[in-house]
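1. the sequence isn't on hand, but the structure is:
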């Protein structure tokens, strides 16, 4: 059974975005954030109280602060679970929609970046893995397409070469017949050259 949060608990009167911003400052900053001077609310007395006072927030008691952190951790866990489940449903929806693999890869990558930006590392990983699989599928499909195109081109070139060879053989056979006919006196020797030109397509 979930516990009901006291509306008077510290932080509950703050806007949700503000609560998440404060909670984010309790996480270790990246090297870039550290260089930019981002606050790190580690120690209650040394970091938390001075920062909250500087920002104009009412300072909580130590116990109220740690209860706030506990509530935010629970909310973060719930958000992560929801994000992961949503990511899975998105991935499954794209599969069912039979989206082009290259487009699916781009969609998954964009969603992964968005999830990472929101701090949902697990959802970002699921989406990134799906993006990688779709990218590989797109690459394989492109390779097959190119192989098929090369095969088609090769078959076309082979067919053309075969047709040229068969046509050449036919012309040679016709010229041989004309030569034999000329030797047998069946064709006027004066017309043999004209007949050969006709066979070779030089005359009609």
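-> Nice, thanks for sending it over. These figures come from a predicted structure and were not determined experimentally.

2. and the longest helix for the protein?
-> helix 121-183 (DSSP state H).

3. distance between it and the chain's centre?
-> 29 Å (Cα atoms, centre = their mean, to the nearest Å).

4. in stretch 47-57, what's buried?
-> Neighbour counts over stretch 47-57 (16 or more other Cβ atoms under 10 Å) mark 48, 49, 51, 52 as buried. For every residue, glycine as well, the C-beta is placed using N, CA and C.

5. what's the local residue count around the closest residue to residue 116 other than its chain neighbours?
-> Using Cβ to Cβ, 6 or more residues apart in numbering and skipping residues adjacent in sequence, the residue nearest residue 116 is residue 124, 3.9 Å away. When neighbours are counted by other Cβ atoms under 10 Å, residue 124 registers 21.

6. check which helix or strand covers the spatially most central residue of the chain.
-> Centroid-nearest residue in the chain: residue 105, 2.0 Å away (criterion: Cα atoms, centre = their mean). In the assignment (DSSP states H and E), residue 105 maps to helix 101-117.

7. isn't residue 124 right next to residue 110, touching?
-> No: between residue 124 and residue 110 there is no contact, the gap being 11.3 Å when judged by Cβ atoms under 8 Å.

8. ok, of the buried residues of stretch 47-57, which one's closest to residue 71?
-> residue 48 (15.5 Å; Cβ to Cβ).

9. give the contact list for the closest one.
-> Applying Cβ atoms under 8 Å, 6 or more residues apart in numbering to residue 48 gives the contacts 41, 65.

10. reformat the buried residues of stretch 47-57 as JSON lines; add secondary structure, distance to residue 162 and pLDDT.
-> Formatted as JSON lines, the buried residues of stretch 47-57 follow (DSSP: H, G, I helix; E, B strand; the rest coil; distance: Cβ to Cβ, whole Å; pLDDT from 0 to 100):
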{"residue": "48", "secondary structure": "helix", "distance to residue 162": "84", "pLDDT": "95"}
{"residue": "49", "secondary structure": "helix", "distance to residue 162": "89", "pLDDT": "95"}
{"residue": "51", "secondary structure": "helix", "distance to residue 162": "83", "pLDDT": "96"}
{"residue": "52", "secondary structure": "helix", "distance to residue 162": "86", "pLDDT": "95"}
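
11. any chance of these in a markdown table, plus distance to residue 169?
-> Conversion of the buried residues of stretch 47-57 to a markdown table gives the following (distance: Cβ to Cβ, whole Å):
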| residue | distance to residue 169 |
| --- | --- |
| 48 | 94 |
| 49 | 99 |
| 51 | 93 |
| 52 | 96 |
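
12. these: which two are farthest apart?
-> 49 and 51 (7.4 Å).

13. lowest average confidence, helix or strand, in this protein?
-> helix 189-199 (a mean of 66; mean pLDDT, DSSP states H and E).
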